[in-house]
Each structure stands twice: as C-alpha cells, then as structure tokens.
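# structure, please.
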Amino acid sequence: MTMIEALDPIDRQLVNTIQLDFPLNPYPFRILGGRIGISEEEVIDRLKKLTDIGVVRKIGPILSTTAIGGSSTLIAMQVPEYEVDRVAARINEFGEVSHNYLRPGKYNLWFTVSARKKERLHEIISEISELGYPFLNLPVNRLFKIGVKFEV
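Here you go, the predicted model:
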C-alpha cells in the first residue's frame, strides 16, 4: 500500500484544501476544520501526521522574490555521484537555498537560490563556484507557472 492509498477521505480533503487556499487568519486550522467538518485540533493532529509520513513537506507562503526586491536563480550542477552528499550538504548550509534535488543526467544536482539583494546572490554563486564543479546559472527570464495543485 502506498502512502496515498493509506490516506482516509478526510486526509485527502485536507490535503486538497490546503494546497492553494490556506486561510490567512489568526486561526487558520479552525477555518480549515470548518470547511471540511472537523475540529481545529483534528486538523492540527492530521497535519502533524501527514508531515510525519511525508505527504506534507511544508506549510508556508510562496513569496515573489523579485516583488520584494530580491533576486533568485536556478542552478544545475554537475557533481560526481560519490560527492553528491557532501556537495548537497555544503549547498544546504546557505539559508537562501531551497528545492535541492538530485536528478538524472549530466547536471544532476539542481537547486534554487533566492537572496534579498543581487549582491548577495552573486556572493553565493561565487562561493558555489569555489566548490570546483561545473554548473549552469539559470535565472528566470519569464515566469510561466505560478502554482500547481495535485488532486489527492
């Protein structure tokens, strides 16, 4: 049985609800509970369980870095397999790094860097280059997708 198959209908409804319509309110879990017919406490308990089993990774805002004066880029790095864990750990030390993924192909380590200022972004890229592995700096030229919702 897969993780998704183990979810009951209320878990599924909760996951579907929080993806794009999380309430901006002092009591968001109470509002979510009201929407799906369960208590605030049950929402919190279910979200803890869903996080523990890996269905929910994070609940938080998605900010437009450029709209708040920052700068970001996607980096694809070519790292030998035997060095991936070490290099990924080093990259993850930057608080500005997110979405770090191992992918098949020549450029196998992919991650995003979002910084408050362009100068800080350039500092991070410079430090990443000192790791000595080839990488592609792929800044956003045009945004095509702003959200994805998976029906569970």
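# okay, now the domains of the protein?
Segmentation of the chain into domains, based on automatic domain parsing, reads 9-52, 66-138.
# same question for the first one, mean pLDDT?
Confidence over domain 9-52, taken as the mean pLDDT, stands at 93.
# heads up, I number from 105, so please use that
Happy to do that; since the first residue is 105 now, the last one works out to domain 113-156.
# and it, how far apart are its ends?
The first residue of domain 113-156 is 18 Å away from its last residue (CA to CA, to the nearest Å).
# mind giving me the packing neighbours of the helix or strand containing Asp115?
Secondary-structure assignment from DSSP states H and E places Asp115 in helix 113-122. In this structure, helix 113-122 makes packing contacts with helix 132-140, helix 144-156, judged by 3 or more CB pairs under 8 Å, 6 or more residues apart in numbering; DSSP states H and E. Every residue, glycine included, has its C-beta placed from N, CA and C.
# how about residues contacting it?
111, 136, 139-140, 142, 147, 150-151, 153-154, 159-160, 163, 253, 255-256 (CB atoms under 8 Å, 6 or more residues apart in numbering).
# which of these sits closest to Gly173?
Ile163 (24.9 Å; CB to CB).
# and the closest one, what element?
Secondary structure (DSSP H and E) places Ile163 outside all helices and strands.
# circling back: in a markdown table, list the domains of the chain along with mean neighbour count.
Written out in a markdown table, the entries for the domains of the chain read as follows (neighbours: other CB atoms under 10 Å):
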| stretch | mean neighbour count |
| --- | --- |
| domain 113-156 | 15 |
| domain 170-242 | 14 |
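# in contact with the residue positioned nearest the centre of the chain: list those residues for me.
Central residue of the chain (CA atoms, centre = their mean): His203, 5.1 Å from the mean position. If a contact means CB under 8 Å, 6+ apart, then His203 has Trp214, Phe215, Thr216 as its contacts.
# 10 Å - rerun?
Leu178, Trp214, Phe215, Thr216, Val217, Ser218 (CB atoms under 10 Å, 6 or more residues apart in numbering).
# mean confidence score for the helix or strand harbouring it?
Element membership of His203 [criterion: DSSP H and E] is strand 201-206. Strand 201-206 carries an average pLDDT of 87.
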